[in-house]
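Student: coordinates for the following, if possible.
(one chain, ligands or ions: 1)
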Amino acid sequence: MKAGLIYSQLERNHTYPLMGSLPVYKMRASTPPACHLVRSGRNPDERIYTGGLPVSEKERSPNSMSASSPANGYPLDPAVGSSDCRITRTEPSDYSHQPVMLTEVLSILDQIPSGYFLDATLGGAGHSKALLELRDDLHLVGIDQDQEAHIAARKALMNLDGRFDLVHERFDRIDEILDGLNVDTISGALFDLGVSSYQLDTPARGFSFRTEGPLDMRMNSATGISAKDLVNNASYRDLSRILKQYGDERHSKRIARAIIEARPLATTSQLAEVVIDAMPAASRKSPGHPARRTFQAIRIAVNNEIEILESALNKTIDRLMPDGRCVIISYHSGEDRIVKRTLRTAAGLKNTVPKHLPLPEVGGSVRLLDRGGKTPSENELMQNPRATSARLRWFEKVRN
Ligand SMILES: C[S@@+](CC[C@H](N)C(=O)[O-])C[C@H]1O[C@@H](n2cnc3c(N)ncnc32)[C@H](O)[C@@H]1O
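Tutor: The predicted structure follows:
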């Protein structure tokens, strides 16, 4: 593999010679988290910047990644220290995530101009890999705030070396990331929002009400407040608002009260039990796990998912070249409301156009070609029930 580069915007004065590619699992975020760019192959003589930590050749060798090795990066993960539970990390080789609505995404993005394609939620690179294989005139800029996603993505993209830059960051820092790569405009973008199956299925990440784990739920385990911090410290008012607003939870007040009475909580099962006990008997019997809305709401709050979405979409719109396209897949109503509102505003539309009429062109910066968006096919839902709540919206940048 060719040389790569990690650099941190806060640590530009430190340079370290690089030989061989740098596995992303070696990255440790500085505090505050810096912008980590992991470049692949374009500039073989580039240097590494790693938030101040020199990376030894031994550490950089992909062969040094093993479950038992203390050099695999995990023992220093602050997530371990922040929980009362012992964390057993799943090896990233277990990463599995089925890309949602892949056929629909590819049929839209196959039409974009040549250039840089921004995947704001890289995950295991399921969508991006398929797109790069379809279009050899695209170069991927892949962002994910989860270090473990980077390991999986890098592995998936192994045969496409030289055609991607991976960035460990939150996607609202699009401008800093693209400027850091000297990229002015992009030809396409994808936001496949929410969490990956890997995150949900890894008990140590604390996302799931189905398995015992520490109450964590941070996509970036190296920074920010955990679910444990949130449920143990938030006021009754904030907790009930979070449950209502981000989880559409009808029983937000009862649950918030029960959480406060049961504090301190440390594990996913403790939280799930408190929620189940707080529910009225009739609601406990309704379909779906009684704690699913609470877990969704807390995860959204912990990761600031709603607050940053609108600004990230607007920055993407600004960066898209004419005829460039952006696809957004959201998984719950709060997210989709923001996507819809942001796109309608950018398209210059008011809410007064009746639903059955096509959208008029009114001089906005984007064109919405698929009013109402798309949902997964029956066939996909049979194979991947996790796609059930997906709604895909997309737009095209207009020529000025
Ligand atoms: C649904 S998965 C994406 C799966 C991917 N499309 C694939 O096919 O493998 C969402 C990913 O986005 C990441 N993510 C979510 N919100 C993010 C944010 N604000 N900034 C950066 N990454 C984010 C998550 O860590 C997760 O890995």
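Student: look up how far the ligand lies from the spatially most central residue of the chain.
Tutor: Against the mean C-alpha coordinate of the chain, by C-alpha atoms, centre = their mean, the closest residue is T121 at 4.3 Å. According to C-beta to the nearest ligand atom, to the nearest Å, T121 and the ligand sit 3 Å apart. All C-beta spots, glycine's among them, are computed from the backbone N, C-alpha and C.
Student: now stretch 284-298: buried residues?
Tutor: Buried positions in stretch 284-298, judged by neighbour count with 16 or more other C-beta atoms under 10 Å: P290, A291, R292, R293, T294, F295, Q296, A297, I298.
Student: the third one reaches F207, doesn't it?
Tutor: Same thing as R292. No. Under the criterion of C-beta atoms under 8 Å, R292 makes no contact with F207, lying 11.3 Å away.
Student: quick check: neighbours shared by the two?
Tutor: By C-beta atoms under 8 Å, 6 or more residues apart in numbering, R292 and F207 have no common neighbours.
Student: check which helices and strands the lengthiest helix in the chain sits against.
Tutor: When the chain is parsed with DSSP state H, its longest helix is helix 333-346. Counting contacts by 3 or more C-beta pairs under 8 Å, 6 or more residues apart in numbering; DSSP states H and E, helix 333-346 is packed against helix 309-319, strand 320-330, strand 391-397.
Student: next SSE after that helix?
Tutor: strand 366-367 (DSSP states H and E).
Student: can you give the distance of that next one from its chain's centre?
Tutor: Taking C-alpha atoms, centre = their mean, to the nearest Å, one finds strand 366-367 lying 24 Å from the centre of the chain it belongs to.
Student: cool, and stretch 163-172?
Tutor: Here stretch 163-172 is found 11 Å from its chain centre; the criterion is C-alpha atoms, centre = their mean.
Student: what is the mean pLDDT for it?
Tutor: On average, the pLDDT along stretch 163-172 is 97.
Student: and it with the ligand, contact?
Tutor: Yes. Judged by C-beta under 6 Å from any ligand atom, stretch 163-172 and the ligand are in contact via R170, F171.
Student: mean confidence for the helix or strand hosting Q199?
Tutor: Using DSSP H and E, Q199 falls within helix 197-201. Per-residue pLDDT values over helix 197-201 give a mean of 94.
Student: do the same with stretch 261-272
Tutor: Mean pLDDT, computed over stretch 261-272, is 98.
Student: now do the end-to-end distance for it.
Tutor: Stretch 261-272 has an end-to-end distance of 14 Å (criterion: C-alpha to C-alpha, to the nearest Å).
Student: so which bits of that stretch are buried?
Tutor: Residues of stretch 261-272 classed as buried: A262, L265, A266, T267, T268, S269, Q270, L271, A272 (neighbour count, 16+ other C-beta under 10 Å).
Student: doesn't the last one fall inside a helix?
Tutor: Yes. Note on A272: a helix contains this position according to DSSP: H, G, I helix; E, B strand; the rest coil.
Student: just to revisit the earlier point, which of the three states applies to the residue nearest to the centre of the chain?
Tutor: The three-state assignment at T121 reads coil, by three-state DSSP.
Student: so it makes contact with L193?
Tutor: Yes. T121 is in contact with L193 according to C-beta under 8 Å; the separation is 6.3 Å.
Student: contacting residues for the residue nearest to the centre of the chain?
Tutor: Residues counted as contacts of T121 (C-beta under 8 Å, 6+ apart) are I143, D144, F171, L190, F191, D192, L193.
Student: grab the nearest non-local neighbour of H289.
Tutor: Distances taken as C-beta to C-beta, 6 or more residues apart in numbering place F209 nearest to H289, at 5.7 Å, with adjacent residues excluded.
Student: show me the contacts for the one you found.
Tutor: Contacts of F209 (C-beta under 8 Å, 6+ apart): T268, S269, L271, A272, V275, H289, A291, R292, T294, F295.
Student: could you check how far it is from the ligand?
Tutor: Separation of F209 from the ligand (C-beta to the nearest ligand atom): 18 Å.
Student: so L118 is in which element?
Tutor: Under the criterion of DSSP H and E, L118 resides in strand 115-119.
Student: which parts of the following helix or strand past that strand are buried?
Tutor: Where DSSP H and E defines the elements, the next helix or strand beyond strand 115-119 is helix 126-134. Neighbour counts over helix 126-134 (16+ other C-beta under 10 Å) mark G126, H127, S128, K129, A130, L131, L132 as buried.
Student: what is the very next helix or strand once past helix 126-134 packed up against?
Tutor: Where DSSP H and E defines the elements, the next helix or strand beyond helix 126-134 is strand 138-144. Under the contact definition 3+ C-beta pairs under 8 Å, 6+ apart, strand 138-144 sits against strand 115-119, helix 126-134, helix 147-156, strand 164-168, helix 174-180, strand 186-192.
Student: got CSV for these, with distance to N233 too?
Tutor: What follows is the helices and strands packed on strand 138-144, written out as CSV (distance: least, C-beta to C-beta, whole Å):
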stretch, distance to N233
strand 115-119, 34
helix 126-134, 36
helix 147-156, 26
strand 164-168, 27
helix 174-180, 30
strand 186-192, 30
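Student: now do the contacts for I255.
Tutor: L239, S240, L243, E249, V274, V275, A278, M279, T294.
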